[in-house]
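>>> Structure, please.
(2 chains)
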Amino acid sequence: MMERPSRISIKPMITPINVVLGIILAIGCVLTVLRFTGGLSVVTNLDDNNPWGIWIGFDLLCGVALAAGGYTTSSACYIFGLKRYHSAVRPAILTAFLGYALVVLALHYDVGRPWRLPFPIFWQQGTTSLLFEVGLCVFLYLTVLFVEFTPAAFEWLGFPKLREKIVKLTILLTILGVVLSTLHQSSLGALYTIVPSKLHPLWYSGYLPVYFFISSMFAGLSMVLFEGSLAHKYMHDKMDETHLRESEGIVLGFGKAASFIMAGYVAIKVIGLSVDNNWHYLFTGYGAWFLLELIGFVALPAFVYAIGVREKNIRLIQRTAVWTVLGIILNRFNISLIAFNWHLPSAERYFPGWMEIAVSLFIVAIGIVIYRFVTTHMPILYEHPDYRSDH
Amino acid sequence: MGISRRKFLGWFGGLSATAATAASTAIAGGNHHFEGHPDTMGVLHDINRCIGCRKCEEACNTVNELPKPEKPFDDLSVLDQKRRTHADVYTVVNQFKIGNEKKHVHVKKQCNHCMEPACASACFVKAFKKMPNGSVVYDESVCVGCRYCMIACPFNIPAYEYDNAFSPKVTKCTLCYPRVQKGLLPGCVEACPKEALIYGNRKELIKIARERINKHPDQYIDHIYGEHEMGGTSWLYISGTPFSEIGMREDLGVTSAPELTSGPLSAVPIVVGLWPVLLTGIYAISKRKDKVAEEEKAEAVKAAENAADEEMKKQIAKIKQDAAKDKEAAIKREVKNALDEAAKEAEEKAKAAAELTETADAAPEKKEDE
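Model (predicted):
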């Protein structure tokens, strides 16, 4: 058996990143107390006209879209048989699991009575609601992701038999993951099909569920690339040879896939624009903003992805991934906040308070801390020596 | 809402039902048309008759036992600001100045009690319910506080107790459901001194409204607001001022909220039915491809091996042949050498013998002498 160098880093505890994380976590704890003792009005700028703020726009909509790397990567590897992406699956599953877990955590802050969150699933099902579809699928998918994640934990804890049993379920879990992801990614967009009178016509469309689903694919792929580049920077010592050898192929392959899907997305957006005949809105202020989103943050990065792949420019692809992720955030913000309630006078519009933003950062910081813990201790970025060539 | 349509998501909860269930309910979602409860009641608000006295607001506050506002209800200065419903305000009267005339138009605002309410359709825990008598009522005991009802409401009516940390509620007008159950009129209707509000059967109210419009076409716009807006509402409005000028949106359309979301919801059984089959197929194909590729690879390797073998054999044979030739040549050479040598030897022997004979010829006498 090969000797493995220790993967527990001996880096100093007090680094700038850790200090910032610590401050955010401390503030977050205080805000948590305020939120749960004083109510939403103490920490948010929400009001009766604007019941959903960034905790929905960012934490839920962006969180779910950016955690789509789980189903895209695992289906590429296990269903479509692209085995050369195997080393990307575990990090993607981990981030998806953490992402969804944090979405659910964030919802505890946003809803009025979080202890009742199981009600719609176990007590009284509002089956006519798209939010029910979202809730049920997120609940089920979080369970699926947890199960998909357990083999890594079992390897770490040393339960080979349990791990064996879960690994046998891989295909079933992957297919279930794609079904559930299709449903809730799309129904997050479909949530807004009920408000044609509140959402700007350029963003309102019968295709909203399709837009959300398709964009979740390249959101997930780009997020895998973005996290990959971060992990290479900060977690390099945790990676094994396989991971390092395969990583370039993953960057090129995912960049190419994202480029294609984004081009398709632009095409269906144009179709949607034509179906509703909304061309005249393009010449308004909202139209310029819409074009900035569609061209500046989807069409252009799609093109640059393609260039990066052709020239095998890894850095360019990784930067485009960040660009694309920002585009996804812009899109979700537009639909949930900026183009929502567009007809209201500006005095009645919503702008997040600093405490709302701080709570969102707090949730992200929790994610980073857990990610670091898991990748430091469990076989995520490397294969466990006892379970090699097992897949 | 109490409607049986589109319950098909329910089966998904268990992930265990058969395709037949999905099929039958999908049909129900497709061609079932809900006309509304037959005897649904409503209120007709004749905006022309409203004087903005705020008596309805006061009555609403009293019958719903809401906290008293800072400014008393007879203080009409609050009309200077445009207001909306809030957690402890279920109804408001707004005042609009029309044109250059010093004419003030007053409009009462509250829950319109939609025939197919957006809030009820949007609620993921069925906290809202359209009652047969027309009221859209809210069940606090199940509400999670997600506020999707407030997002969904096209009239921006439901309000939320943002400052309540432990038991925040969504609040809105109930069309005085508890009072109506007791045979009383809704508080606002009872309090209105000008009969600007009439409570009655919705169908009758539409007739009354139509009559008023027909009788005084110069005083009313030919439109009953709420007859068709968002699929129709229990509250109906007639007015002499265009509705869009008095804060009532005329661009809401006539499609009810459940209809707006029925498309995306009907995609659920398609995804649930299609994806597993398709993905399993793709998996099988990609696995089969791998297997075939593997087999082909093995075959190719074998063929290459065989070819190499053949070549090797040939070479060995050639080498053997060459070796044999060499050997033969060597033997021949050896034989020749040997023969040559033998011949040489024989020659030498012959030579020696000849010499001997010569000497012998010379000395026979000698021998004989002995």
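>>> three-state assignment of B:Leu44?
Secondary structure state of B:Leu44, per DSSP: H, G, I helix; E, B strand; the rest coil, is strand.
>>> so what pLDDT did it get?
You'll see B:Leu44 listed with a pLDDT of 95.
>>> How about A:Trp342?
In this model, A:Trp342 is scored at 93, pLDDT.
>>> can I assume it is in contact with A:His200?
Yes: counting by Cβ atoms under 8 Å, A:Trp342 touches A:His200, with 4.4 Å between them. In this view, the C-beta of every residue, glycine as well, is placed from N, C-alpha and C.
>>> neighbour-wise, which of those two wins?
Neighbour count, other Cβ atoms under 10 Å in any protein chain shown: between A:Trp342 and A:His200, A:His200 has more, with 21 against 16.
>>> so the more buried one makes contact with A:Tyr286?
Yes: contact criterion Cβ under 8 Å: A:His200 and A:Tyr286 qualify, at 5.4 Å.
>>> what do the two both touch?
Taking Cβ atoms under 8 Å, 6 or more residues apart in numbering or on different chains as the criterion, A:His200 and A:Tyr286 both touch A:Ala339, A:Trp342.
>>> What are the boundaries of the strands in the stretch 1-150 of chain B?
B:41-46, B:92-98, B:103-109, B:128-130, B:136-138 (DSSP state E, counting those that start in this stretch).
>>> Quick check: which ranges of the chain have low pLDDT?
You didn't say which chain, so I picked chain A. Residues of chain A that meet the criterion pLDDT under 70 lie in A:1-12, A:388-391.
>>> Wait, chain B was what I had in mind.
Residues of chain B that meet the criterion pLDDT under 70 lie in B:1-35, B:101, B:359-370.
>>> Could you check which residue of the stretch 51-200 of chain B lies nearest chain A?
Proximity of the stretch 51-200 of chain B to chain A (Cβ to the nearest Cβ) peaks at B:Gly145, 2.1 Å away.
>>> That residue: what's its closest spatial neighbour, skipping adjacent residues?
Nearest residue to B:Gly145 in three dimensions, chain neighbours excluded: A:Gly112, at 2.1 Å (Cβ to Cβ, 6 or more residues apart in numbering or on different chains).
>>> So what's the residue count around the one you found?
Neighbours around A:Gly112, by other Cβ under 10 Å: 22.
>>> Which residues belonging to stretch B:40-58 are considered buried?
Applying a neighbour-count criterion of 16 or more other Cβ atoms under 10 Å in any protein chain shown, one finds B:40-50, B:52-58 buried in stretch B:40-58.
>>> center of chain B, which residue is that?
What sits nearest the mean C-alpha location of chain B, by Cα atoms, centre = their mean, is B:Pro264, with 7.1 Å.
>>> I'd like to know how far it sits from B:Tyr199.
As defined by Cβ to Cβ, to the nearest Å, B:Pro264 lies at a distance of 37 Å from B:Tyr199.
>>> try A:Gly285
Distance, A:Gly285 to B:Tyr199, using Cβ to Cβ: 45 Å.
>>> ok, how many other residues are close to A:Gly81?
For A:Gly81, using other Cβ under 10 Å, the count is 16.
>>> B:Lys287 is in contact with that one, correct?
Yes: the pair A:Gly81 and B:Lys287 qualifies as a contact (Cβ under 8 Å) at a distance of 6.6 Å.
>>> Looking only at neighbour counts, state which of A:Gly285 and B:Tyr199 leads.
Between A:Gly285 and B:Tyr199, counting by other Cβ under 10 Å, B:Tyr199 is the more crowded of the two (19 against 8).
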